[in-house]
Structures are given as structure tokens and as C-alpha cells.
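Trainee: Next comes the sequence, and after it the predicted model I'd like to discuss.
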Amino acid sequence: MIPADVEKQLVEELGQLPNPVRLVTFSQTLALPGQEAQVAAAEQMRRLVEELAGLSPKLSAESLSFASDRERAEALGIERIPAVAILGEATDPGIRFFGLATGYEFSTLIDAIVDVSRGEHGLGEDTVQKLAELEKPVHIQVFSTPT
């Protein structure tokens, strides 16, 4: 799925990951009427993540069924597919990728993997301070579209 020239760049970039990252994908094999595209995209995302994991010893992929592994999906906050939970070796920074990582979204997935491996979030100190002042949990979602 990953073109050879991009694979070469990824091997170099992912070879510099300081800490392991676990990529947990959720997909399903059976589609209810109207879910065919969603199920196909989840399967494509699963294959992409497994291919990515093969490019670095610091990456591992775990494929779960959205239908059969409901407890695990709920524990990770997965409510729809395709979905990938991007986890540290022993931490869960709460980063989830929903949808298919194509086009510009692919680089967003790679950036998230690198950030989790480094244990970095890229936020400025003033932002971290303001977030620490929040009194209630906040659920942040970022939406993007290739159109």
C-alpha cells in the first residue's frame, strides 16, 4: 500500500523513534446495510497500519474487531471505525485516529506516532499552563477532509 519512495523515507524517519509505539486498529468483517464503505475503509486502514509496523522494530500493530472486542473498544474510547489508538509502550496519551489515513492525513498519522514515541505534545508552555487550569475534562476533536 505504501509506495517504495515513501517507504524508504518512512524507514528512515521511523528508525529514529526513541520509544515503542503500539497501534491498535479496529475493523470488522461483516457490514450491515449502509456500512459497506466504513467496513472497507477500516480493513484498508488495518492493512496500512500493519505495513507501517513492519517498517520499524519500535512499532507494533494489534488488530481488533470492533464488534467482538467491544470492551476493549469502549476502554479505548473507540466509537466508530476505521479507528486507530496510538499508544505508548506503557501509556495512553489519548490520541485516536478515525478515518482512512490517505493524502495529507497520512502525514498526520505519522506525526502522531512520532510525538507519542517522543512523549511530546508540541504545545507551548503557556498553553500547558492554561490547560492545567481546566476544572473539567475536555474532549478535543480535529476534523479534516481531503476536499
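Mentor: Cool, the structure landed. Numbering: from 1, shown residues only.

Trainee: Next up, the contacts around the nearest residue in space to residue 14 that is not next to it in sequence.
Mentor: What sits nearest to residue 14 in space, not counting adjacent residues and going by CB to CB, 6 or more residues apart in numbering, is residue 56, at 3.7 Å. The way it works is simple: take the backbone N, C-alpha and C, and place the C-beta from them, glycine included. For residue 56, the set of contacting residues under the criterion of CB atoms under 8 Å, 6 or more residues apart in numbering consists of 11, 14-15, 17.

Trainee: May I see these arranged in a markdown table, with secondary structure as well?
Mentor: A markdown table is the format used below for the contacts of residue 56 (DSSP: H, G, I helix; E, B strand; the rest coil):
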| residue | secondary structure |
| --- | --- |
| 11 | helix |
| 14 | helix |
| 15 | coil |
| 17 | coil |
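
Trainee: which of these are buried?
Mentor: Among the contacts of residue 56, those scoring as buried are 14, 17 (criterion: 16 or more other CB atoms under 10 Å).

Trainee: if we can go back for a sec, which of the three states applies to the residue nearest to residue 14?
Mentor: Following three-state DSSP, residue 56 is assigned to coil.

Trainee: distance of it from residue 10?
Mentor: The span separating residue 56 from residue 10 equals 8 Å under the rule CB to CB, to the nearest Å.

Trainee: overlap in contacts of these two?
Mentor: Shared between the contact lists of residue 56 and residue 10 (criterion: CB under 8 Å, 6+ apart) there are no residues.
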